[in-house]
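Undergrad: Need coordinates for the following:
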Amino acid sequence: VTGLAARWYTFTVTPMAGEAAGTPTKLLVKSSSLVITATPSTVLNTKPTTIAGTVNLLGGGVATNGTATVFGRAKGLTTWTRLGTAAVGSTGRFSYVHVPPKNFEYRVEYTGGTAVQGSRSAVITVLLSPTVTVVASPTTVYYGGTVRFSGQTYPARVSTQVILQFFYNNVWNNVVVGAT
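TA: The predicted model follows:
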């Protein structure tokens, strides 16, 4: 049974094989809500983030046991992909580790449990900080010589400002400003 509001319901079980009808039973179905966080919320390329949360019961308390299903999508897309599941513990908490391939959005769904309705979290975003590599050629230069600096970012950045600086007298000084 799905889509029930948090209140008392009376269910009667009717057997399909000709047995006697069951005894009516009262059951309080409680509503749940999810609160999730990502730690860290900005990650370096290839590093994981932990999606953690608590399944709260409306009116107080936490839902114990059950399953939290984690969904994700690249920021800007509309289709969600099921990433995996996490067990909801006796404290109502769960966690799931994921390595985002780019700026990524997450949401979690709790499927519900005995007398507890399922719920869906708000969407949270994890930002991917790019990895920057720089190479100087040559690596040894004599006074008056020329050095060429080249590099790349992953994921690739387009039209992003790049500043080459040097540190002198405890101050960073710009040498040149360019763009990728």
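
Undergrad: What helix or strand is the residue nearest to the spatial centre of the chain located in?
TA: For the chain, Tyr106 is the residue whose C-alpha lies nearest the centre (Cα atoms, centre = their mean; 3.9 Å). Secondary structure assignment for Tyr106, by DSSP states H and E: strand 104-110.

Undergrad: So what touches the following helix or strand past that strand?
TA: Next along the chain after strand 104-110, taking DSSP H and E as the criterion, comes strand 119-120. Applying Cβ atoms under 8 Å, 6 or more residues apart in numbering, the contact partners of strand 119-120 are 31-34, 55, 107-110, 112. Glycine gets a C-beta too; all of them are placed from N, C-alpha and C.

Undergrad: Can you list the strands that strand 119-120 pairs with?
TA: Strand 119-120 sits in its sheet next to strand 104-110 (antiparallel), going by DSSP bridges.

Undergrad: how distant is the strand it pairs with from the center of its chain?
TA: How far strand 104-110 lies from its chain's middle: 6 Å, per Cα atoms, centre = their mean, to the nearest Å.
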